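using only what follows, build the 3D model:
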Amino acid sequence: MMKLAIALIASAALTGSAVAADLPARTYTKAPMMAPVPSWTGFYIFGGVGGGVWDANTGVVNTATGACILCATNKQGGDGWYGTVGAGYDWQFSQSWVLGILADGQFGSLKGSIGDGLLGLNGVVSNNEKLRDTWAVGARIGYLVAPSVLSYVNGGYTGSSWSGTTLLDAATVTPSGFHTNSFNTQGWFVGGGVENSLDFFGISAPGLFMKTEYRAAYFDNSNLTVLNDVTNISTGTAINFHPLVQTVSTSLVYRFNWSGPVVAKY
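You can find the predicted model right below:
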């Protein structure tokens, strides 16, 4: 019985070896190598165009005492177009979140009018009050809704430069003999937008992105002294000016570290 069992085992071993010898050689395949998704970490620059509006509560104050003569009873404003340039640095600190710092400037002319609203005092309105340019520094935080699409909010500190204006007689709309000088004012801004790679639209352009952003800038109160055109001496009154500026812009962004879309290599 033992001899029979040994014979059966030996026969099975010989048969397995013969079958294995008849099989073709095993083919080895290389597993696909997935290239890493590009990171948002790095520097970028941008430039674009946009439009905006400003409106302001205006009133009249006494320049000597600072007392309110006519307190913010008028709502006036303007609109226009501008260009924008800027730069920033982003840090992708998780798979879906990006944190960054930014600095930018806006250059254009958002034109409007202001006035003192008092026919018995000076009775004047401005010919044109222009927002000439602004600058901003701040930070943003965003969420990646797709590997190449960032939705973000931002905020920070901002400053602005405004023109002087010739004041007109409110009744006759002719020069009143008074004017205000140009001035600067600062404040803060909040906003948000979407930035996405041009590959999102089927355009092969590694490193190029498009950004569309809304921003609201809240500037400090300014007292614009009303001056005599001939003597350049104050009339003793100033137009209190407290503007809110809202803008929408679209910019082309270049990201220095972006390598473009990746394809798995086999």
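
C-alpha only now, for contacts and for neighbours.
Noted.

from the chain's centroid, how far away is the helix or strand hosting Thr237?
Assigned by DSSP states H and E, Thr237 belongs to strand 234-255. Strand 234-255 sits 15 Å away from the centroid of its parent chain (Cα atoms, centre = their mean, to the nearest Å).

tell me what that strand is packed against?
strand 42-62, strand 208-219, strand 222-228 (3 or more Cα pairs under 8 Å, 6 or more residues apart in numbering; DSSP states H and E).

give the buried residues for the last one.
If you call a residue buried by 16 or more other Cα atoms under 10 Å, then strand 222-228 has these buried ones: 222-227.

residues contacting it, please?
61, 63, 177-181, 183, 185, 233-242 (Cα atoms under 8 Å, 6 or more residues apart in numbering).

switch to 6 Å and redo it
178-180, 233-235, 237-241 (Cα atoms under 6 Å, 6 or more residues apart in numbering).

please apply the same query to the second one.
Defining contact as Cα under 6 Å, 6+ apart, one finds that strand 208-219 is touched by 186-198, 243-254.

low-confidence ranges in this protein?
For the chain, the stretches flagged by pLDDT under 70 are 1-37, 72-74, 116-124, 200-201, 259-266.

what ranges does it have for its helices?
2-22 (DSSP state H).

quick test: name the residue nearest the centre of it.
Nearest to the geometric centre of the chain sits Glu213, at 4.8 Å (Cα atoms, centre = their mean).

what's the burial count for the nearest residue to it once chain neighbours are set aside?
Spatial nearest neighbour of Glu213, chain neighbours left out: Gly193 (4.1 Å); criterion: Cα to Cα, 6 or more residues apart in numbering. Residues lying near Gly193 (other Cα atoms under 10 Å) number 18.

could you measure Gly193 against Gln106, distance?
Using Cα to Cα, to the nearest Å, Gly193 is found at 17 Å from Gln106.

still on that earlier bit, can I get the CA coordinates of the strand holding Thr237 in CSV?
Extracted in CSV, the C-alpha atoms of strand 234-255 (Å, rounded to 0.1, in the frame of the first residue of the first chain):
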residue,chain,number,x,y,z
SER,A,234,-10.9,127.9,2.2
THR,A,235,-14.5,129.1,2.3
GLY,A,236,-14.7,127.6,5.8
THR,A,237,-16.6,124.6,4.6
ALA,A,238,-15.7,121.1,3.4
ILE,A,239,-17.6,118.3,1.6
ASN,A,240,-17.7,115.2,3.7
PHE,A,241,-17.0,112.2,1.4
HIS,A,242,-17.4,108.6,2.3
PRO,A,243,-17.2,106.3,-0.7
LEU,A,244,-17.9,102.6,-1.4
VAL,A,245,-16.3,101.2,-4.6
GLN,A,246,-17.5,98.0,-6.2
THR,A,247,-15.6,96.4,-9.1
VAL,A,248,-15.7,93.3,-11.3
SER,A,249,-12.6,92.3,-13.3
THR,A,250,-11.4,89.5,-15.6
SER,A,251,-7.6,88.8,-15.7
LEU,A,252,-5.1,86.5,-17.4
VAL,A,253,-2.9,84.8,-14.8
TYR,A,254,0.5,83.1,-15.3
ARG,A,255,1.6,80.6,-12.7
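
buried stuff in it?
For strand 234-255, using 16+ other Cα under 10 Å, the buried residues are 234, 237-255.
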